[in-house]
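**Student:** can you look at this prediction? I've put the sequence above it.
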Amino acid sequence: MTIDTSQTDAEYLTAAHATLDRIEARVDQWLQDDVIDIDTHRTGGLLQMTFPDGSQIILNTQPPLRELWMAARGGGFHYKRVDGDWRDTKDPDSRFLDALAVHASRQAGQALRWD
């Protein structure tokens, strides 16, 4: 496993924003398909998701550290790009989208996936 230290700021931002775009598009699709109504609010590198029970998950880019941060009911987590994927800085086996699915599913009360 190799942390990508050669990544430029522009490459980091492209990857981070593409990830947030993907998440936002999936949530919009769930709303359109009447799967679940998750309210999203995005400002630049911050994506706030509010679930039907009022709980939130907040995703935030951290350009100085080249990380993505997730704050959920289950805690706060930091992710770095490793081998082309976002991995937890404390648990490299934990992938960002998998962890987001776990936390979002708990907060939604139903299974949600980003694949």
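**Tutor:** Perfect, thanks for sending it.

**Student:** quick check: mean pLDDT across the lengthiest helix in the chain?
**Tutor:** Using DSSP state H to assign secondary structure, the helix with the most residues in the chain is helix 9-32. pLDDT averaged over helix 9-32 equals 95, rounded to a whole number.

**Student:** helices or strands up against that helix?
**Tutor:** Contact partners of helix 9-32 among helices and strands, from 3 or more CB pairs under 8 Å, 6 or more residues apart in numbering; DSSP states H and E: strand 39-43, strand 46-50, strand 56-62, helix 96-108. Any C-beta I mention is one placed from the backbone N, CA and C, and that applies to glycine too.

**Student:** which strands and helices lie in contact with the longest one?
**Tutor:** Which is helix 96-108. Under the contact definition 3+ CB pairs under 8 Å, 6+ apart, helix 96-108 sits against helix 9-32, strand 56-62, strand 67-72, strand 85-88.

**Student:** rebuild the helices and strands packed on helix 9-32 as CSV, extending it with mean pLDDT, distance to Arg26 and mean neighbour count.
**Tutor:** Compiled in CSV, these are given as follows (pLDDT from 0 to 100; distance: least, CB to CB, whole Å; neighbours: other CB atoms under 10 Å):
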stretch, mean pLDDT, distance to Arg26, mean neighbour count
strand 39-43, 96, 10, 13
strand 46-50, 98, 11, 18
strand 56-62, 98, 13, 19
helix 96-108, 97, 10, 19
